[in-house]
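Visitor: coordinates for the following, if possible.
(one chain, ligands or ions: 1)
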Amino acid sequence: MNEPVLVLNGNYAPINICTTRRAMGLILIGKANLVMDGRGIVRTVSKTFPKPSIIRLHHVIKRPRPCVKLSKREIFRRDQFRCQYCGQLAKNLTVDHVLPQHLGGKSNWSNLVTACAACNHQKGGFTLKHSGLKLRKKPQQPPGSAVYLFRKYLNIYQEWEPYIQGW
Ligand SMILES: [Zn+2]
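Guide: Purely as a prediction, here's the structure:
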């Protein structure tokens, strides 16, 4: 019952992921309808229900465009798990402040990059210029597109793809 279910807004924009339990609750109270099932059924004492894979809310709810939350994991993902200085796919990834914190460097998308331990060590508390290292690309906030946000689910739930493309 904790399997992820894709939630579409009233206008079909993919807005969220919830659990099967929550999705079925929304259907039962009449706030959403089933868009896609195919995961078998759930039995209660008196009824059976198809297990949802995608649901759609009856109304359009207003919410800010979803964006990727800043976290270590998401920085690695944005940088495709490669050190942004030497380009290696490293095992022990770290997050480096391009402009070091002690020089006023902020913890945001444009100042944080994935670095391997060796490059992070070389960079130390130096600025980019003084470290002798070069960035492979300018770090930026990742896109808030549905494909980027929900990409990790698409390997498992390919049926979501047509509902996510283009948003
Ligand atoms: Zn490196």
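Visitor: drop to CA atoms for contacts and neighbour counts, all remaining ones
Guide: Fine.
Visitor: residues in contact with the helix or strand Cys119 falls within?
Guide: Here Cys119, judged by DSSP states H and E, is contained in helix 117-123. Residues outside helix 117-123 that contact it (C-alpha atoms under 8 Å, 6 or more residues apart in numbering) are Cys83, Tyr85, Cys86, Asn92, Leu93, Thr94, Asp96, Ser131, Gly132, Leu133.
Visitor: show me the contacts for the second one.
Guide: Contact partners of Tyr85, counting by C-alpha under 8 Å, 6+ apart, are Ala115, Cys119, Leu133, Lys134, Leu135, Arg136.
Visitor: make a ChimeraX selection of the buried ones in the contacts of helix 117-123.
Guide: Selecting only the buried entries of these in ChimeraX, with 16 or more other C-alpha atoms under 10 Å as the criterion:
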select :83,85,86,93,94,96,133
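Visitor: most widely separated two among the contacts of helix 117-123?
Guide: Greatest spatial distance in these: Asn92 and Gly132, 21.3 Å, computed using C-alpha to C-alpha.
Visitor: now do the contacts for the closest residue to Arg65 other than its chain neighbours.
Guide: Nearest residue to Arg65, sequence neighbours excluded (C-alpha to C-alpha, 6 or more residues apart in numbering): Gly144, at 7.3 Å. Applying C-alpha under 8 Å, 6+ apart to Gly144 gives the contacts Arg65, Pro66, Cys67, Val68.
Visitor: from the contacts of helix 117-123, pick out the ones that also neighbour the ion.
Guide: Residues of those in contact with the ion (C-alpha under 5 Å from the ion): Cys83, Cys86.
Visitor: could I get the contacts of helix 117-123 in TSV, plus columns for secondary structure?
Guide: Formatted as TSV, the contacts of helix 117-123 follow (DSSP: H, G, I helix; E, B strand; the rest coil):
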residue	secondary structure
Cys83	coil
Tyr85	coil
Cys86	coil
Asn92	coil
Leu93	strand
Thr94	strand
Asp96	strand
Ser131	helix
Gly132	coil
Leu133	coil
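Visitor: which residues of this protein lie near the ion?
Guide: Contacts of the chain with the ion, taken as C-alpha under 5 Å from the ion, map to Cys83, Cys86, Cys116, Cys119.
Visitor: could I get those residues as JSON lines with distance to Arg151 and pLDDT?
Guide: Output for these, formatted as JSON lines (distance: C-alpha to C-alpha, whole Å; pLDDT from 0 to 100):
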{"residue": "Cys83", "distance to Arg151": "21", "pLDDT": "97"}
{"residue": "Cys86", "distance to Arg151": "26", "pLDDT": "96"}
{"residue": "Cys116", "distance to Arg151": "24", "pLDDT": "96"}
{"residue": "Cys119", "distance to Arg151": "29", "pLDDT": "96"}
